[in-house]
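Undergrad: Below are the sequence and a predicted model; questions follow.
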Amino acid sequence: MAPITIGLSEQEESGPADRASADTQRALPLVARGARVAFAVVCSMFFLWALANNFNDILIKQFQKALDLTRMQSGLVQTAFYFGYFTFALPAGWVMNRVGYRNGLLIGLVLYALGALLFWPAAHVQAFGFFLGALYIIAAGLAFLETAANPLITVMGPASTAARRLNLAQSFNGLGAFVAPFVGGALIFSGVERTPAQLAAMAPAQVAAYRTQEALAVQLPYLGLGLLVLFLALVVRLTRFPAVDEPAQGEGGSLAAAPLLRKAVIAQFFYVGAQVSIWSYFINFAQDATRIGEMRAAHLLGYSLMAFMAGRFAGTALMKRVPPVRLLTLFAVIAAGLCAVAIMASGWTAVIALGLSSFFMSIMFPTIFALGVSGLGSKTKLGSSLLIMAIIGGAVFPPLVGLIGDHLHSLKTGMVVPLASFMVVAWFGTQAARAVAQERG
């Protein structure tokens, strides 16, 4: 099995005998020359699947209005979505072992577009189950995209810069996450919020007209998204991808025994659960704490996700000097601390603390992923599938947080779920650091 060099900073990854050539190590290209166009195309996919992921945060609030859902019920948006990831991650890995990365990307884009286009009839019938089915199909497509794109990025250049390269690519995911609340909020939210008392005073026909108008608001945004994804599929079809030869290391071993993989799967499960829980209910949390309107709350979510994007770029730069495993542990502890502040404080202090947690979440997914697939060789696709399956955490935790919010009439206590999850990520960081130290010793 290959040494776990990915846990080191670029300054530390060479041994003592090689430190005289540190300048040469830093001069290694981040992306191989023949892979730059393909790298740019794949980075655009990171942006597009962030739109799908973070439009869900808008949908949760919108469906509460349009379909008369409780917070726990609206949390099923994420359950359906991330269950799609879970059920299609392994099949995606198996398919790509047969058809390759590019065809895997094409399959994923077609499924993504199909799910988005199904929002049009779902809005007409105003059936929550129909929406959930469409979201499941979108997520099935994203399972293919992420199972292909994440490991593809790691092999598009020197192994020593894999973690930094993946964090750079994931920065475009951060850009999409930042844009989504502003675009989704502007295109979907009407700004009209009826209280239970106001709805009770309205005639049934008026209530039905109000809910129909709110349901139809999702049609055009998702139609546009579906067409954009189909255009990207055409670009992928016309783009020349470099041949990718994964090393044959690890062919005789078991994935279950791979260094850090099992622990990385656990960490990824808890990380995604924490991230999705915070973002899913951030709008509700901000409205509860400050009594602001939905549009302003959506903008605050956008600013939080801007911090997430900034964290991705900052993390990529910091990893030149700080080992990824150390940075991961530090960021996880800080994120847990910010959740504690959000629980104990009130008003704007709680909202700002929860919003800032996005900055420190930024490097977690790509760093856990890169550490988990390190040294898998020909088993990288299947190892990647297991890590994508761990995204099921995003299906499990949001309804739990919503249930706590419904029963206690406050989401503040529910933030103990992401707090505990970030401590699991910090634990993984210490385990990864120990594994790196053992390899070096």
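TA: The structure has been received and is ready for your questions.
Undergrad: and residue 109, what element?
TA: helix 101-117 (DSSP states H and E).
Undergrad: Just give me the neighbour total for the closest residue to residue 284 other than its chain neighbours.
TA: Excluding the flanking residues, the one nearest residue 284 by C-beta to C-beta, 6 or more residues apart in numbering is residue 411, at 5.9 Å. (C-beta placed from N, C-alpha, C; glycine too.) Neighbour count of residue 411, defined by other C-beta atoms under 10 Å: 27.
Undergrad: Could I get the pLDDT score of residue 411?
TA: Per-residue pLDDT puts residue 411 at 85.
Undergrad: where does the protein have low pLDDT?
TA: The chain contains residues with pLDDT under 70 at 1-29, 32, 34, 160, 163, 242-259, 376-381, 439-441.
Undergrad: And the residue sitting furthest away from the middle of it, its phi and psi?
TA: In the chain, residue 203 marks the outermost C-alpha relative to the chain mean, sitting 41.7 Å out by C-alpha atoms, centre = their mean. Phi and psi for residue 203, reported as degrees, to the nearest 10, are phi -70, psi 150.
Undergrad: And the strands in the stretch 201-350 of the chain?
TA: Ranges of strands in the stretch 201-350 of the chain, per DSSP state E, counting those that start in this stretch: none exist.
Undergrad: quick one, helices of it?
TA: For the stretch 201-350 of the chain, the helices defined by DSSP state H, counting those that start in this stretch occupy 204-216, 219-238, 261-280, 282-290, 294-318, 324-344, 347-361.
Undergrad: And the third one, how far out from the chain middle?
TA: Meaning helix 261-280. Distance of helix 261-280 from the chain centroid (C-alpha atoms, centre = their mean, to the nearest Å) equals 9 Å.
Undergrad: Put the alpha carbons of it into CSV.
TA: Output in CSV follows, covering the C-alpha atoms of helix 261-280 (Å, rounded to 0.1, in the frame of the first residue of the first chain):
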residue,chain,number,x,y,z
LEU,A,261,-10.9,4.4,4.9
ARG,A,262,-13.3,3.0,7.5
LYS,A,263,-12.6,6.0,9.8
ALA,A,264,-13.0,8.4,6.9
VAL,A,265,-16.4,6.9,6.1
ILE,A,266,-17.5,7.5,9.7
ALA,A,267,-16.2,11.0,9.7
GLN,A,268,-17.8,11.8,6.4
PHE,A,269,-21.2,10.5,7.6
PHE,A,270,-21.1,12.9,10.6
TYR,A,271,-19.6,15.8,8.7
VAL,A,272,-22.3,15.8,6.0
GLY,A,273,-25.0,15.3,8.6
ALA,A,274,-23.7,18.4,10.5
GLN,A,275,-23.4,20.5,7.3
VAL,A,276,-26.8,19.7,5.9
SER,A,277,-28.5,20.2,9.3
ILE,A,278,-27.0,23.7,9.8
TRP,A,279,-27.7,24.9,6.2
SER,A,280,-31.2,23.3,6.0
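Undergrad: which ones are touching residue 238?
TA: By C-beta atoms under 8 Å, 6 or more residues apart in numbering, the contact list for residue 238 is empty.
Undergrad: With residue 421 instead?
TA: With C-beta under 8 Å, 6+ apart, residue 421 has these contacts: 270-271, 273-274, 277, 393, 397.
Undergrad: Reformat these as TSV; add neighbour count and distance to residue 210.
TA: Below are the contacts of residue 421 laid out as TSV (neighbours: other C-beta atoms under 10 Å; distance: C-beta to C-beta, whole Å):
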residue	neighbour count	distance to residue 210
270	26	39
271	29	38
273	28	34
274	31	34
277	28	29
393	26	35
397	28	31
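Undergrad: List just the nearest of those to residue 108.
TA: Sorting the contacts of residue 421 by how near they are to residue 108, with C-beta to C-beta, puts residue 393 at the top with 20.5 Å.
Undergrad: can you tell me which residues contact the closest one?
TA: Per C-beta under 8 Å, 6+ apart, neighbours of residue 393: 82, 268-274, 276, 421.
Undergrad: now the helices: where do they sit in the stretch 51-200 of the chain?
TA: 71-74, 76-99, 101-117, 119-125, 128-154, 162-188, 196-201.
Undergrad: out of those, nearest to residue 231?
TA: helix 101-117 (9.3 Å).
Undergrad: what helices or strands is the closest one leaning on?
TA: helix 36-66, helix 76-99, helix 128-154, helix 219-238 (3 or more C-beta pairs under 8 Å, 6 or more residues apart in numbering; DSSP states H and E).
Undergrad: Would you mark the buried spots in the shortest one?
TA: The one in question is helix 219-238. Buried residues in helix 219-238, counted by 16 or more other C-beta atoms under 10 Å: 219, 221-222, 225-226, 229-230, 232-233, 236.
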